[in-house]
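[1] What follows is a protein structure lacking sequence information:
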């Protein structure tokens, strides 16, 4: 009794601390509903496992930690449970009936002989099952009749860190890099373990630890020793490590005269380097390569193809289980071209020439992680190539750390898109998971939003995007609402009414964001370089396709990039059914309209408004919606930890200010072309275009 | 009884968490000695204050927070204490007997009429007194007869943040900037308040929030609003805010054609801007300026002097209480010159021409924060100018985040140096505090080592350098040992034996570091640009005085920079007594020898060894001493929180590795000039010079 008292007091008292967000969604706070707690306690009397694997041990430890927090009791480990009932059994079973329908990482959770048995073919499967069980308890599910069989849809579920050797993070908005390179290999930051737990809990099983704009520093023995230390921490959580490589490394690091992928010495250098890496990390995941893109070196520097480069690395990887991930994000500067078509055009002739060990990683859309893009035309058009998905979790174009934007609906919109490659139902998801074209490998990668900030992601709601990415990589059939519901219950509040309110807030956040930034299929109008704030007037930059005017094509007639046969004909890259769906300005979904059509300002849209009026309406409505989000958040004050509440409250104020900035910037700029009044009852901006222009200039000051 | 139990359990249980270092030295954990606790409890029955000031409220709140943690009881605030005894009274009293001997920020703590009375002339004084009382309790002092009168030696005790607008920190080794500019002004990171508390607790009363390589972004209304939000947080802690300004702002920001300080429009621009700043921050601290230094713009761009520039800003500041801090860190690229003399030579003609509102901020030594430098020759040579001190707390050249190096002895070595400006006893400290030359203002600034890392400073012991800087700025007569003792007791352990061991470790750390990096008065041999690791062979850089060979001047004859009359004659900048002390190679303190003399490799030193042998001996001994530090730290395992223990343990391993790196790099390089064997019983390095050279090359890879 006294012990129990201590424990309860301990948990109550510790909850009185403000929540700094560092625990992410793995908050094992005592469940307050006594009856519910007792029902779980009756089913978790012990944790039994016999399989001798670090990953199974991780699963058992996590269950113990979770039960201690959630249920307020320390649950023992048992080896022999002969005849005992009421516990949890972890079972790795390569060919039993319980695992018949399981993939390697899949798991089953069932009641068998009075115990809850988590079965899997592999230790990783057990780990994912353990987290599933914990999630059931965290979200208050009844587990007395639990019966789950669950397989991941995609094999490699991966984070891509754009973290630099010097500790900065490209497109990072949550402090500096979480990897402390100068401290490694000797000091292991406890945050690495928290990171591993968080990833394992949502099924992420791979991570590339450095920026795709890669320093060859990461291939030196000095750094391999550091990366080995990270790999050693992540391994018991089922996470393998990839390295982003600089294609010029044979020259810059190896001292060779060339990095030509067909040069025997270069090939030998990569073979040797790959062997060397495996001396540090025996289960090395593989290479991630950005080549001949935005100034990075690559095989084209030597007149070779992307396939030549990728296949050379695949050859080096042949003795090992690792793979080569080659990015399709390439585009050459051409003021008269259409960047939309670049990846497709450069890679199309190579379909069928890539080594089976190569996965070509394609961004969700053809430009660059815009808030809404049509799905990339490569999906469905490369039947002989394993294509992986690259999503961006960090919100480069989606509000960075100052806008509440829940990304699951965006990820799903792309995954659910039908390519019609093999008739109706040939969704992007089925291209990615390998099922459509019978590929063995499959990959979904997300560019990470983690940093050194105490709460990992700066905006508390940005944590939800990390969570959602992992859950969707595991199972893209989960709904955005369900994922949000899980995350909210684990992270923010157990109050059902509050949960629903927050879920609504999250679900409306992306359309709201798009409304005041990129309505009607506009794109790429952000501040130059830093990508913060609006700069639709940007007309000169290092490359034509880094300006805004290249994309929106505003003129006295109208707005939008004509990608029909009349101009760039990028639409022709899609199957006829897709072309049909977007090809006619009168029928095109308004959300994609200006991606494909240059629409006259005066044209009546399906809403009954002219393009100009609809544009104004959306910009204004976006700002109004942010104000409603603020009000809704205010109503949650008593249900949310104070530190978190105030954190989000403050950021929503910034969001409102920046939404107004976007609205005024875009409306005041486009009106110079449309030359029509802002439609009543909307009130014209209080400031001038020049005043708004000055706002973004601040961020160009050195 | 039950309440007490809860409280005790709460504190015990919360202590079972690993300590992430985020609380710095303000750890108000329950004192375990019951008797001691009871004795404090008897003296802290209430907290009484009547003065209506936010700063006094801060003091009262801090006492309440401290007592709640340390003593386990919530102490009430009382207004009227007529006749009551046994409490704490906070008293702001502009002319009573109790404050007769106090300066503005000073305080007295005495037993008066049965209460402990903290008296001061100003609210800030009360705040410092409150922290002094808490420190007494935190360090287990008997306060039953407390009687303290304490005045700061220096008026402006200031941190300089080299934090950039983009969130990076120049020479920062603890993550990114702690200032979250995109979140401000609407979101106030709770860390700002922790920062303010930590600073106030050691007497720091000013902070400049941005890099001296300054972006004019900080002078825009957008940023002034953000800075105002920071100032509003810091104000109740007695801390005023300064801004580092870019001298070219009238041109880059104001759109003027020039930034010439004698141009009427430029002067008007600064006058207006200064007024504007005060509309946001009525008690604005002032400007900090790096001009005509390392590429920064300045008055010399227009043929004007530093005084012209500084006085223009002083004029703009005239209607206000703020000041202008102008840095003396200037040097022009001259392969045949001696950077040692640059600041002195450029500023000497200006002595007496600066506005009284100007403080010229001088680095402790004439080069750039080397681990050991002779005191800057400007000290004592500028009787008509208010000189401020600039120390570097961030360890750019002192091991960054991977070496345990306690800096108080270095700060004190400079402050205690005798300039002989007005005869014996004319110490640098007395120049700085204004007493030697009767200046009204006085300033000690430290370049901050704070960042976004959870524990603020990356290396747990780097916290001690922040602490020590503040304590010495308040009172440079405190000994390094005493400051270390306070910090250890508050931060690491209450165990006396362990405290002593750690104190010894800290006190030996600087000499050990110097031994394996810069023995015998060598300097500036670190890796190019990043300043990490050794690169004594560096012979080409953007400027001659950015190389290593410029400083060590190794040749077949010997080693060291001859600054006697034979070569640069930098010694002539000092008073005759100082010249005498360093001018003769046979008598010069070995710690300063190679700063002033080019000494033959074969010359016998006072130790009985030749220069070469002594050099080798010191490098080798430094490494051995690090190994002893490791052993000593290991012995403390049971007395230190596990997370902190392992953090330091890991970093000491890195330190050993890097100490060996420095030793081997320097010994293997210098032997190519000395052409003598490494003296027995020292064992020559196992690696070649080429191998060691490769190690630093890694850090030059993009």
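    In hand now; what should we look at? Please read these numbers as outputs of a predicted model, since none were measured by experiment.
[2] Which phi and psi values does residue A:320 adopt?
    phi -120, psi 170 (degrees, to the nearest 10).
[3] burial of it, as a residue count?
    Counted by other Cβ atoms under 10 Å in any protein chain shown, the residues lying close to residue A:320 total 17. Quick note: C-beta positions are derived from backbone N, CA and C, even for glycine.
[4] now residue A:186
    Residue A:186 has 18 nearby residues by other Cβ under 10 Å.
[5] Is it in contact with residue B:650, as I believe?
    Yes - counting by Cβ atoms under 8 Å, residue B:650 is a contact partner of residue A:186 at 4.4 Å.
[6] ok, residues contacting stretch A:630-645?
    Stretch A:630-645 is contacted from outside by A:18-21, A:460, A:492-493, A:495, A:497-498, A:501-502, A:504-505, A:648-649, A:652-653, A:656, B:190, using Cβ atoms under 8 Å, 6 or more residues apart in numbering or on different chains.
[7] Recalculate using a threshold of 10 Å.
    A:15, A:17-21, A:27, A:404, A:455, A:460-461, A:491-495, A:497-499, A:501-502, A:504-505, A:508, A:646-649, A:651-653, A:655-656, B:190 (Cβ atoms under 10 Å, 6 or more residues apart in numbering or on different chains).
[8] Compute the first-to-last residue distance for that stretch.
    Stretch A:630-645 stretches 11 Å from its first residue to its last (Cα to Cα, to the nearest Å).
[9] after the lowest-mean-pLDDT helix or strand in chain A, next one along is what?
    Across the helices and strands of chain A, mean pLDDT, DSSP states H and E gives its lowest value to helix A:2-15, namely a mean of 42. Downstream of helix A:2-15, the next assigned helix or strand under DSSP states H and E is helix A:34-41.
[10] Relative to the whole chain's centre, how far out is that following helix?
    35 Å (Cα atoms, centre = their mean, to the nearest Å).
[11] Ends of stretch A:22-37, what's the gap?
    First-to-last distance for stretch A:22-37 - Cα to Cα - comes to 25 Å.
[12] Could I get the average pLDDT for it?
    For stretch A:22-37, the mean per-residue pLDDT is 96.
[13] what do you get for stretch A:562-579?
    97.
[14] Ok, stretch A:319-330 next?
    Stretch A:319-330 shows a mean pLDDT of 97.
[15] Endpoint to endpoint, it covers what distance?
    Using Cα to Cα, the end-to-end distance of stretch A:319-330 comes out at 29 Å.
[16] after the helix or strand hosting residue A:412 comes which helix or strand?
    Using DSSP H and E, residue A:412 maps to helix A:408-415. In the C-terminal direction, the helix or strand that comes right after helix A:408-415 (DSSP H and E) is helix A:428-432.
[17] Does anything pack onto that following helix? Which helices or strands?
    With contacts taken as 3 or more Cβ pairs under 10 Å, 6 or more residues apart in numbering or on different chains; DSSP states H and E, helix A:428-432 sits against strand A:358-363, strand A:387-392, helix A:408-415, strand A:443-447.
[18] Redo the ones you listed as TSV? Include mean neighbour count, distance to residue A:60 and mean pLDDT.
    Shown next, in TSV, are the helices and strands packed on helix A:428-432 (neighbours: other Cβ atoms under 10 Å in any protein chain shown; distance: least, Cβ to Cβ, whole Å; pLDDT from 0 to 100):
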stretch	mean neighbour count	distance to residue A:60	mean pLDDT
strand A:358-363	26	33	98
strand A:387-392	26	32	98
helix A:408-415	23	31	98
strand A:443-447	27	28	98
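[19] and residue B:422, which of those is closest to it?
    strand A:443-447 (63.5 Å; Cβ to Cβ).
[20] how about the closest residue to residue A:185 other than its chain neighbours, phi and psi?
    Closest residue in space to residue A:185, ignoring its immediate chain neighbours: residue A:229 at 3.5 Å, by Cβ to Cβ, 6 or more residues apart in numbering or on different chains. Note on residue A:229: its backbone torsions stand at phi -60, psi -40 [degrees, to the nearest 10].
[21] got the contact list for residue A:229?
    Going by Cβ under 10 Å, 6+ apart, residue A:229 touches A:183, A:184, A:185, A:186, A:187, A:188, A:192, A:280, B:650.
[22] Neighbours of the residue lying closest to the fourth one once chain neighbours are set aside, how many?
    Put plainly, it is residue A:186. Counting by Cβ to Cβ, 6+ apart, residue A:186 lies nearest to residue B:653, which is 3.8 Å off, once chain neighbours are set aside. Residue B:653: 17 surrounding residues under other Cβ under 10 Å.
[23] Need the pLDDT of residue B:653.
    Reported pLDDT for residue B:653: 98.
[24] Surely it forms part of a strand?
    No - residue state for residue B:653 (DSSP: H, G, I helix; E, B strand; the rest coil) corresponds to helix; a strand is not indicated.
[25] Correct me if wrong: it contacts residue A:185.
    Yes - using Cβ atoms under 10 Å, residue B:653 is in contact with residue A:185, at 8.8 Å.
[26] What parts of the stretch 51-200 of chain A come near chain B?
    Residues of the stretch 51-200 of chain A lying close to chain B by Cβ under 10 Å from any Cβ of the partner chain are A:164-169, A:172-178, A:180, A:182-191.
[27] what's the answer for the stretch 451-600 of chain A, then?
    A:451, A:452, A:453, A:454, A:458, A:459, A:530, A:532, A:533.
[28] and which of those residues is nearest chain B?
    Comparing these against chain B with Cβ to the nearest Cβ places residue A:452 closest, at 4.1 Å.
[29] wait, doesn't that closest one sit right on residue A:195?
    No - if you go by Cβ under 10 Å, residue A:452 and residue A:195 don't touch, sitting 11.5 Å apart.
[30] Between those two, which contacts overlap?
    Residues within reach of residue A:452 and of residue A:195 at once, by Cβ under 10 Å, 6+ apart, are A:178, A:179, A:189.
[31] which one of those sits closest to residue A:562?
    Closest to residue A:562, out of all of those and judged by Cβ to Cβ, is residue A:178, at 43.8 Å.
[32] Residue A:167: which element?
    Using DSSP H and E, residue A:167 falls within no helix or strand.
[33] Please produce a PyMOL select command covering the buried subset of the contacts of stretch A:630-645.
    In PyMOL, this line selects whichever of the contacts of stretch A:630-645 come out buried by 16 or more other Cβ atoms under 10 Å in any protein chain shown:
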select buried, (chain A and resi 19+20+21+27+404+455+460+461+491+492+493+494+495+498+499+501+502+505+508+646+647+648+649+651+652+653+655+656) or (chain B and resi 190)
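[34] Near chain B, which residues of the stretch 601-702 of chain A are found?
    A:642-643, A:646-658, A:694-695, A:697-702.
[35] For residue A:177, list the residues it contacts.
    With Cβ under 10 Å, 6+ apart, residue A:177 has these contacts: A:161-170, A:209-211, A:450-452, B:175-176.
[36] tell me which element the residue in the stretch 501-650 of chain A positioned nearest to chain B is part of?
    Residue nearest to chain B within the stretch 501-650 of chain A: residue A:650 (2.9 Å; Cβ to the nearest Cβ). According to DSSP H and E, residue A:650 maps onto helix A:642-674.
[37] so who does residue A:65 touch?
    For residue A:65, the contact set (Cβ under 10 Å, 6+ apart) comprises A:26, A:28, A:74, A:75, A:134, A:197.
[38] Which pLDDT value goes with residue A:333?
    Note for residue A:333: predicted pLDDT of 83.
[39] try residue A:93
    89.
[40] now do residue A:81
    The model's pLDDT for residue A:81 equals 89.
[41] Need the three-state assignment for the residue lying closest to it once chain neighbours are set aside.
    Spatial nearest neighbour of residue A:81, chain neighbours left out: residue A:48 (4.7 Å); criterion: Cβ to Cβ, 6+ apart. Here residue A:48 is recorded as strand under three-state DSSP.
[42] Tell me the spacing between residue A:48 and chain B.
    With distances taken as Cβ to the nearest Cβ, to the nearest Å, residue A:48 is found 27 Å from chain B.
[43] just checking, that residue touches residue A:80?
    Yes - between residue A:48 and residue A:80 there is a contact at 8.1 Å, judged by Cβ under 10 Å.
[44] Give me the distance between the two termini of stretch A:353-367.
    Terminal residues of stretch A:353-367 lie 24 Å apart, using Cα to Cα.
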